[in-house]
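Participant: Next input, structure requested:
(chains A and B)
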There are 2 protein chains.
Amino acid sequence: MPAVSAPAESAPLAHAGCRNVAPVLNRVGDKWSMLIVMILSDGPRRFNELKRLVDGISQRMLTLSLRGLERDGLVTRKVTPSIPPRVDYALSELGQSLREPVSALGEWAIAHIACIRTAQAAFDARGASD
Amino acid sequence: MPAVSAPAESAPLAHAGCRNVAPVLNRVGDKWSMLIVMILSDGPRRFNELKRLVDGISQRMLTLSLRGLERDGLVTRKVTPSIPPRVDYALSELGQSLREPVSALGEWAIAHIACIRTAQAAFDARGASD
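Facilitator: Take a look at the predicted model:
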């Protein structure tokens, strides 16, 4: 039944695609970049708003992450020549397409955080008793 | 219409959840961990198989990533007492639940790698001409 597309298997992705995916995941699979994409999903933000909303990010890491996201074409940077100049960051069209997979991962993280904390505590307890 | 559940908004995730999500994304939102999860989606693997399949990973980074994934309860480590001992890594039940969001991100990466490369080249060219 060629009209029915089979669900994508992870095999070709992991094997044939591994070489290609790794560099993209460098950016996309980066905690700060993912949090920035999640926040920009709500609309454009200024640098200091992002700094406040991305809990725990340093000024330097935010600058680097935004530059990386801009370089990858995921985020646009719009300078309004006021005094002082106003700089807004927003998801590009490409960045918009990343909203869904990134928010699925974020939702997974929220849903499973308790399991992970429990597993961590058990692992650490085993290590301590060895 | 309370029977129809609205699509999850990113706003609560990004804001209220940001503090909680960040540490989980430390692991999940890590390139190597994601690649390992993708590969283990096909079934258990031994250390050296993983080393070969996760293109570009160092022995040390693979060891650290696997230990982190085990600590988080995402990967199990089974030692068979043969000579030499055989060690198999597999996704736990919790790790299985991560397959879908991680593979969605991997598929996004594969689908958009050309766009990203083009954006990077354009960004670098702008930088060079500044």
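
Participant: Grab the longest helix from chain A for me.
Facilitator: helix A:93-129 (DSSP state H).

Participant: Quickly check: it near chain B or not.
Facilitator: Yes. Against chain B, helix A:93-129 shows contacts by C-beta under 8 Å from any C-beta of the partner chain at A:94, A:97-110, A:112-113, A:115-116, A:118-120, A:122-124. From N, CA and C alone the C-beta is placed, and that goes for glycine too.

Participant: which SS class is the residue positioned nearest the centre of chain A?
Facilitator: The residue lying closest to the centre of chain A (C-alpha atoms, centre = their mean) is residue A:34, at 1.3 Å. Judged by DSSP: H, G, I helix; E, B strand; the rest coil, the three-state class of residue A:34 is helix.

Participant: re the thing from before, list buried members of the residues of helix A:93-129 next to chain B by neighbour count.
Facilitator: A:94, A:98, A:100-110, A:112, A:115-116, A:119-120, A:123 (16 or more other C-beta atoms under 10 Å in any protein chain shown).

Participant: Can you list the low-confidence ranges for chain A?
Facilitator: A:1-24, A:26-28, A:128-130 (pLDDT under 70).

Participant: cutoff 50 now
Facilitator: Scanning chain A for pLDDT under 50 picks out the ranges A:1-17.

Participant: Can you mark which positions in the helix or strand encompassing residue A:63 are buried?
Facilitator: Using DSSP states H and E, residue A:63 falls within helix A:59-71. Buried residues in helix A:59-71, counted by 16+ other C-beta under 10 Å: A:62, A:65-66, A:68-71.

Participant: which of those residues lies closest to residue A:77?
Facilitator: Proximity to residue A:77 was ranked across the buried residues of helix A:59-71 by C-beta to C-beta; first place goes to residue A:70, at 5.4 Å.

Participant: What residues are bridge-paired with the closest residue to that closest one other than its chain neighbours?
Facilitator: Once flanking residues are discounted, residue A:70 sits nearest to residue A:77: 5.4 Å by C-beta to C-beta, 6 or more residues apart in numbering or on different chains. Legend: beta-bridge partners of residue A:77 under DSSP bridges are residue A:89.

Participant: if you look at the one helix or strand residue A:49 maps to, does any of it touch chain B?
Facilitator: Taking DSSP H and E as the definition, one finds residue A:49 inside helix A:47-53. Yes. Using C-beta under 8 Å from any C-beta, we find that helix A:47-53 touches chain B at residue A:53.

Participant: Pull that helix out as CSV, backbone CA atoms only.
Facilitator: Output of helix A:47-53 as CSV, limited to C-alpha atoms (Å, rounded to 0.1, in the frame of the first residue of the first chain):
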residue,chain,number,x,y,z
PHE,A,47,17.5,40.9,25.2
ASN,A,48,16.8,41.8,28.8
GLU,A,49,13.4,40.2,28.7
LEU,A,50,15.0,36.9,27.5
LYS,A,51,17.7,37.3,30.2
ARG,A,52,14.9,37.5,32.8
LEU,A,53,12.8,34.7,31.3
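
Participant: Enumerate every residue touching the residue lying closest to residue A:61 once chain neighbours are set aside.
Facilitator: In space, residue A:61 comes closest to residue A:32 once its chain neighbours are excluded; the distance is 5.8 Å by C-beta to C-beta, 6+ apart. Residue A:32 makes contact with A:54, A:57, A:61-62, A:65 under the criterion C-beta atoms under 8 Å, 6 or more residues apart in numbering or on different chains.
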